[in-house]
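Asks: next come a sequence and a model predicted from it.
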Amino acid sequence: MLAARCVTPKSPTCVFKLHIACRSMGDKAQSKAIMSAAGVPVVPGYHGKQQDDSRLFQEADQVGFPLLVKAVSGGGGKGMKIAASKPELGHAIDSARREAAASFGDDRLLLERYITRPRHVEVQVMADKHGNAVYLFDRDCSVQRRHQKIIEEAPAPGLNQQFHTEIGEAAVRAAHAVGYESAGTVEFIVDVDTSDFYFMEMNTRLQVEHPVTEAVAGVDLVELQLRVAAGEKLPITQQQLLDRGPLGHSFEARLYAENTRRNFLPGGGKVLRWRTPANAGQFDHQAGIRVDSGVSEGDSVGTNYDPMIAKIITHAEDRETALQLLRQALAETQVAGLSTNLGFLQDLAAHPAFIDLDLDTGFIERHRSTLLGPVKLDPAVAAVAAAVWTKMQAASALADAGISNSSSATGPAAGIMSAWYLADSKRLWHKLTKPLKMKLIEAEQEMDLKVTYISDAEFEVEVAAGETAVPVRYVTLSGDNWSAEVQGRRMTGQALMHAHAGEQVLTLWLNGRSYEFRKSIPVWSKDALAAATHGQLTSPMPGKVVKVLIAEGQSVDKGQALLVIEAMKMEHTLTAHTDGVVEGLQGLHMGTQVEDGQVLLRIAKGQSSEAAGKPIAAAV
């Protein structure tokens, strides 16, 4: 920890100088013992030093199921697993230990009773070297995936003033209990059914979501933290903070490089487009819209670190207005070149249950059918995507040939051959109709379209077999901007086309939403290779193989676990998509680095282990 390195008498002034407090709070087992002694409520559980499996199983029986297995030195959802019943406990312990060791160099675990409907509410505290400590209101961070926060807001909504006071005072007691001096975050689990709150952990630093507190407290927490580290007294008292109260409401949405449709798998890639709201501030706690990020267009996002690439923050006089501003800011943000959760954030911010304060950490699972259910694409969007795709391909082909996309072409396009360079595809006795097979990535939906060329700026697109073609007229391209009239509606937006992993990718922006379409790039003799590529298992992300659960030639059943891949310190299990026999596993072993889309193995048609009556081979 940083604190452990800033303790020598000759060291320069350190923001986290009290290493004992930092170490105590960084160790979740020790911190809970300290909090209990200070009168801060803690969740029942086991926080002991004995870490052998038999002791953990014994303590789990005492705590009861469901329970949470957590890394003692953990954070950010890493090294945290839920065991709903005793048969799940062994796998939860093993997986949590591996993640904890990989992320923190410490594989110790603790067990806690799992509150079935919890809210995650945390309190920002600031303490100086003169014995003063204040709480700067609270935050709700309940909307999470994989135990990591997605949208945070301050103050925590829907709770009465007595609750705000009691949880704030408990957080200050926690800071005093360890002699803390700096900015810190005291995190609590709140039981929705009873409104009781329990200490979860204290982060001895500023949190990712500190901008929402800066907005409602009206202070620059980074500056205040540095002044406290320099020995200054806190410039504001608790009573002064309470007298002026929270200044409106603030939201923060975390923009992650991940695939929400593949269980939020982290990813990476080159940032080909990066646009944020034109009026957004950066690292400015007084801004109505604020975007904090270190990402720029052209950067490459890897998988060795947390997948968060930006924070989008809004602040207004009340929750409703701040949420409207958040939806606007998300609509004005454009990213291409890698998968992100931007569309998912937009769906969350517009979800009726989120608006109505139906908040707890199970929000996403409870509303999975509406947040991650089947996507029905508007036929008008599919039609305009086909028209823009066709126009961009034609423009690209002409550009590659050094020819202007114009009916009045000169140079190589002039004279008797000029007709061959026109993009209107005129025919003497019929119209040209071509198939266009695309995949809408958001829904993993294959689309078989038929595009009829009327002229360079007019098309008819059959979106579904047997349905009336959608007319798309007055199609224009200017740089990355496009416009068209679809079924009498005028549409405008932006588009970007690029190649990735053997596919052409079109990202289309329309009305504040983005749509990504992909089409395989034709490869010579691809059809001849179809049989050889049947049953391939490809990596859904870049990462490292940490466990191989099967062997070459082994029979497997559909749904059987095959490999475990680690990306951004999180483990992801890949399973068989069909019954068959494993082939092509040679060269794949623990520690192998794999790329997004890389073929890992094949499952050839054959008898499954169950059908063959053979035992599953031991893990290797």
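Replies: Perfect, thanks for sending it.
Asks: give me the phi and psi angles of Phe459.
Replies: Main-chain dihedrals, Phe459, degrees, to the nearest 10: phi -140, psi 160.
Asks: before we move on, what about Tyr515?
Replies: According to degrees, to the nearest 10, Tyr515 has phi -130, psi 130.
Asks: touching, it and Lys439? I think so.
Replies: No. Counting by Cβ atoms under 8 Å, Tyr515 does not reach Lys439; the two are 11.3 Å apart. (Glycine included, C-beta is placed from N, CA and C.)
Asks: neighbour count: the two, which is higher?
Replies: Tyr515 (23 against 17; other Cβ atoms under 10 Å).
Asks: so the more buried one bridges to which residues?
Replies: Leu508 (DSSP bridges).
Asks: and it, how far from Leu449?
Replies: Using Cβ to Cβ, to the nearest Å, Tyr515 is found at 14 Å from Leu449.
Asks: give the buried residues for stretch 292-304.
Replies: Asp292, Val295, Val301, Thr303 (16 or more other Cβ atoms under 10 Å).
Asks: tell me which of those fall in strands.
Replies: Asp292, Val301 (DSSP state E).
Asks: the buried residues of stretch 292-304: which two are farthest apart?
Replies: Spanning the widest gap among these are Asp292 and Thr303, at 21.3 Å by Cβ to Cβ.
Asks: SS state for Val125?
Replies: Assigned with DSSP: H, G, I helix; E, B strand; the rest coil, Val125 falls in the strand class.
Asks: tell me the contacts of it?
Replies: Applying Cβ atoms under 8 Å, 6 or more residues apart in numbering, we find Val125 in contact with 133-136, 171-172, 174-175, 180, 183-186.
Asks: one more time with 10 Å, if that's ok
Replies: 133-136, 168, 171-176, 180, 182-186, 202 (Cβ atoms under 10 Å, 6 or more residues apart in numbering).
Asks: Ala253 contacts Thr340, doesn't it?
Replies: No. Using Cβ atoms under 10 Å, Ala253 is not in contact with Thr340, being 11.2 Å away.
Asks: between the two, what contacts are shared?
Replies: In contact with both Ala253 and Thr340: Ala310, Thr333, using Cβ under 10 Å, 6+ apart.
Asks: A strand includes Ala92, no?
Replies: No. With three-state DSSP as the criterion, Ala92 is helix rather than part of a strand.
Asks: leaving out the residues flanking it, which one is nearest to it?
Replies: Nearest-residue entry for Ala92: Lys81, 3.8 Å, with adjacent residues in sequence omitted and distances by Cβ to Cβ, 6 or more residues apart in numbering.
Asks: my guess is that neighbour contacts Glu99. True?
Replies: Yes. Assessed by Cβ under 10 Å, Lys81 is found in contact with Glu99 at 8.2 Å.
Asks: what touches both of those two?
Replies: Ala71, Glu571.
Asks: what about the strands in the stretch 501-620 of the chain?
Replies: With strands called from DSSP state E, counting those that start in this stretch, the stretch 501-620 of the chain shows them at 503-510, 513-520, 536-538, 543-548, 555-556, 561-567, 570-575, 580-583, 593-594, 599-604.
Asks: over to the stretch 251-400 of the chain?
Replies: Using DSSP E, counting those that start in this stretch, strands in the stretch 251-400 of the chain cover 258-259, 265-266, 269-270, 273-275, 289-292, 300-301, 308-316, 334-336.
Asks: with distance to Ala38 added, can I get those in a markdown table?
Replies: Shown next, in a markdown table, are these (distance: least, Cβ to Cβ, whole Å):
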| stretch | distance to Ala38 |
| --- | --- |
| strand 258-259 | 38 |
| strand 265-266 | 37 |
| strand 269-270 | 47 |
| strand 273-275 | 46 |
| strand 289-292 | 34 |
| strand 300-301 | 42 |
| strand 308-316 | 32 |
| strand 334-336 | 44 |
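Asks: let's have those strands in TSV, adding mean pLDDT and distance to Trp482.
Replies: Shown next, in TSV, are these (pLDDT from 0 to 100; distance: least, Cβ to Cβ, whole Å):
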stretch	mean pLDDT	distance to Trp482
strand 258-259	91	26
strand 265-266	84	31
strand 269-270	88	23
strand 273-275	96	14
strand 289-292	97	25
strand 300-301	89	27
strand 308-316	97	26
strand 334-336	97	14
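Asks: hey, what's in contact with both of Tyr515 and Leu449?
Replies: Ala382, Ala385.
Asks: so His130 sits in a strand?
Replies: No. If the criterion is three-state DSSP, then His130 is coil and not within a strand.
Asks: verify the stated contact: it with Pro235.
Replies: No. At 11.9 Å, His130 does not count as touching Pro235 under the criterion of Cβ under 10 Å.
Asks: overlap in contacts, these two.
Replies: Going by Cβ under 10 Å, 6+ apart, residues that sit against His130 and also against Pro235 are Val228.
Asks: quick one: low-confidence parts of the stretch 401-550 of the chain?
Replies: 401-429, 522-534 (pLDDT under 70).
Asks: how about a cut-off of 90?
Replies: Filtered on pLDDT under 90, the stretch 401-550 of the chain yields the residue ranges 401-432, 441-446, 455-456, 465-466, 488, 499-503, 520-544.
Asks: returning to what we had before: could I get the strands of the stretch 501-620 of the chain as a markdown table with distance to Asp360?
Replies: Putting the strands of the stretch 501-620 of the chain into a markdown table (distance: least, Cβ to Cβ, whole Å) gives the following:
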| stretch | distance to Asp360 |
| --- | --- |
| strand 503-510 | 33 |
| strand 513-520 | 27 |
| strand 536-538 | 35 |
| strand 543-548 | 31 |
| strand 555-556 | 37 |
| strand 561-567 | 27 |
| strand 570-575 | 22 |
| strand 580-583 | 41 |
| strand 593-594 | 36 |
| strand 599-604 | 37 |
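Asks: among those strands, which is nearest Ile364?
Replies: Across these, closest to Ile364 is strand 570-575 (Cβ to Cβ), at 16.3 Å.
Asks: could you find the closest non-adjacent residue to Ile355?
Replies: Leu323 (6.9 Å).
Asks: ok, the one you found - how many residues close by?
Replies: 20.
Asks: that one reaches Phe354, doesn't it?
Replies: Yes. When contacts are counted by Cβ under 10 Å, Leu323 is listed as touching Phe354 (8.2 Å).
Asks: okay, and the common contacts of these two?
Replies: In contact with both Leu323 and Phe354: Ile151, Glu153, using Cβ under 10 Å, 6+ apart.
Asks: ok now stretch 278-292, how far from the chain's centre?
Replies: Mean C-alpha position of stretch 278-292 versus that of the full chain (Cα atoms, centre = their mean, to the nearest Å) differs by 21 Å.
Asks: list the contacts of that stretch.
Replies: In contact with stretch 278-292 (Cβ under 10 Å, 6+ apart) are residues 208, 210-223, 250, 252, 255, 276-277, 293, 310-316, 321-322, 325-326, 328-329, 332-333.
Asks: what segments of the stretch 201-350 of the chain are helices?
Replies: For the stretch 201-350 of the chain, applying DSSP state H, counting those that start in this stretch gives helices covering 210-217, 221-229, 238-244, 319-331, 342-349.
Asks: what mean pLDDT does the shortest one have?
Replies: To tie it back to what came earlier, the one meant is helix 238-244. Taken as a whole, helix 238-244 has an average pLDDT of 95.
Asks: with that, I have no additional questions.
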